[in-house]
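Asks: A predicted structure for the sequence below; I have some questions about it.
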Amino acid sequence: MLSQTACVNGGLGGLFGGTQEIAVRGGAVTVRGPANFCIDGAASNSADGFAVLAGCNVIATRGKAPAHPALITVQVGVADSATVNGAEDVLASFLESDDGAELLSASGDASAIKIEDVRHSDGLVEVRFTDSSPLPTEALQVGEWRAFTDVAGRLVTINVRSLARAPLLQQEGAVLLRQAVAAMKAANPAPAVADAG
């Protein structure tokens, strides 16, 4: 059940509910979503690096609705878990294998996964797929968009899906996923490199 607390631009806003960002893993990484997405404090676990985001209009009575309503989950790995940079093609190939499908599946059943598209760019791997595993709720869309990237030396996984009654179109999901990645990168800028000269 999504918490019904006030949506606030930044800050803690009560017990994390209704804010647009949350510090996880002891403050090592800040999770922030695209415009008008707020943190569901009740469903998130900052110590474990897990955050759930939904439209601010859902989290807070007076919050604004995002352009494309959806559920976004973010998992931030432990320190030194970064694996994407420099190995984008390797990860992309892995996701198309049976082992990769098993990783993507909510039930761990590779046969439940149908890969629709895998692409990679500098520091980012994206996959679009369907998962026929039993859903925790029938309200969720079967299709998913997932991104793997490195933030602050940690592997970060971002997942986007919508409600079955209002499914995201292919391009909408792809755009929202990239917006979520961009929001995470903006919230955690890489440290400036010292001038050797």
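Replies: Perfect, I can see it now.

Asks: ok, Ala139 touching Leu163?
Replies: Yes - contact between Ala139 and Leu163 holds when scored by CB atoms under 8 Å: they sit 5.4 Å apart. C-beta here means a position set from N, CA and C on the backbone, and glycine is covered the same way.

Asks: tell me which helix or strand in this structure has the weakest average pLDDT.
Replies: Of all helical and strand segments in the chain, the minimum by mean pLDDT, DSSP states H and E falls on helix 56-59, at a mean of 90.

Asks: what about that helix, distance to the chain center?
Replies: Taking the mean of its C-alpha atoms, helix 56-59 sits 17 Å from the chain's own mean (CA atoms, centre = their mean, to the nearest Å).

Asks: on contacts alone, who are the packing partners of the top helix by length along the chain?
Replies: Using DSSP state H, we find that the single longest helix of the chain is helix 170-187. Packed against helix 170-187, as judged by 3 or more CB pairs under 8 Å, 6 or more residues apart in numbering; DSSP states H and E, are the following elements: strand 29-32, strand 71-76, strand 124-131, strand 143-151, strand 154-161.

Asks: mind doing that once more with 6 Å?
Replies: The elements that helix 170-187 packs onto, with contact taken as 3 or more CB pairs under 6 Å, 6 or more residues apart in numbering; DSSP states H and E, are strand 29-32, strand 143-151, strand 154-161.

Asks: can you show me the CA trace of that helix as CSV?
Replies: Taking C-alpha atoms only, helix 170-187 is exported to CSV below (Å, rounded to 0.1, in the frame of the first residue of the first chain):
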residue,chain,number,x,y,z
GLN,A,170,7.2,0.8,-25.8
GLN,A,171,8.6,4.3,-26.4
GLU,A,172,7.0,5.7,-23.2
GLY,A,173,8.7,3.1,-21.0
ALA,A,174,12.0,3.6,-22.7
VAL,A,175,11.9,7.3,-22.3
LEU,A,176,10.9,7.1,-18.6
LEU,A,177,13.7,4.6,-17.9
ARG,A,178,16.2,7.0,-19.4
GLN,A,179,14.8,9.8,-17.4
ALA,A,180,15.1,7.7,-14.2
VAL,A,181,18.7,7.0,-15.0
ALA,A,182,19.4,10.7,-15.7
ALA,A,183,17.8,11.7,-12.4
MET,A,184,20.0,9.2,-10.5
LYS,A,185,23.1,10.5,-12.3
ALA,A,186,22.2,14.1,-11.5
ALA,A,187,21.6,13.3,-7.9
